[in-house]
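Novice: next one to model:
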Amino acid sequence: MNQAIRQKAVVKPGGVINIQSSELPVGTEVDVIIIVETATKKKQSLRSIIGTGKGCFATQQEADDFISRERDTWSL
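Specialist: Numbering: from 1, shown residues only. Prediction:
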């Protein structure tokens, strides 16, 4: 079974990364996968994006007005 060791590291000049662990026996072949953390986007609250998508309404009144206009187009 594979064993995983997760560590954070800082890239040094020349792109050098050091990984040390007492769990790594000498001579063992390993695969190293590097996941580069990107700059985090500013998190938006759900409240800040409500009403910004297509078909969304910022207020209850906007939704009510839309529904009323739609009902006016119905033929009875």
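Novice: so where's this structure uncertain?
Specialist: For the chain, the stretches with pLDDT under 70 are 49-54, 76.
Novice: what segments of the chain are helices?
Specialist: Counting by DSSP state H, the segments of the chain that form helices are 46-49, 60-73.
Novice: what's the most buried one of those helices?
Specialist: helix 60-73 (a mean of 10; mean count of other CB atoms under 10 Å). All C-beta atoms are positioned from the backbone trio N, CA, C, and that covers glycine.
Novice: dump that helix to PDB, restricted to CA.
Specialist: In PDB, the C-alpha atoms belonging to helix 60-73 read as follows (Å, rounded to 0.1, in the frame of the first residue of the first chain):
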ATOM      1  CA  GLN A  60     -38.200  40.600  -3.300                       C
ATOM      2  CA  GLN A  61     -39.900  43.500  -5.000                       C
ATOM      3  CA  GLU A  62     -38.000  42.900  -8.300                       C
ATOM      4  CA  ALA A  63     -39.100  39.300  -8.200                       C
ATOM      5  CA  ASP A  64     -42.700  40.200  -7.500                       C
ATOM      6  CA  ASP A  65     -42.700  42.800 -10.400                       C
ATOM      7  CA  PHE A  66     -41.300  40.200 -12.800                       C
ATOM      8  CA  ILE A  67     -43.900  37.700 -11.800                       C
ATOM      9  CA  SER A  68     -46.700  40.200 -12.200                       C
ATOM     10  CA  ARG A  69     -45.500  41.200 -15.700                       C
ATOM     11  CA  GLU A  70     -45.300  37.500 -16.700                       C
ATOM     12  CA  ARG A  71     -48.900  36.900 -15.400                       C
ATOM     13  CA  ASP A  72     -50.100  39.900 -17.400                       C
ATOM     14  CA  THR A  73     -48.900  38.200 -20.600                       C
END
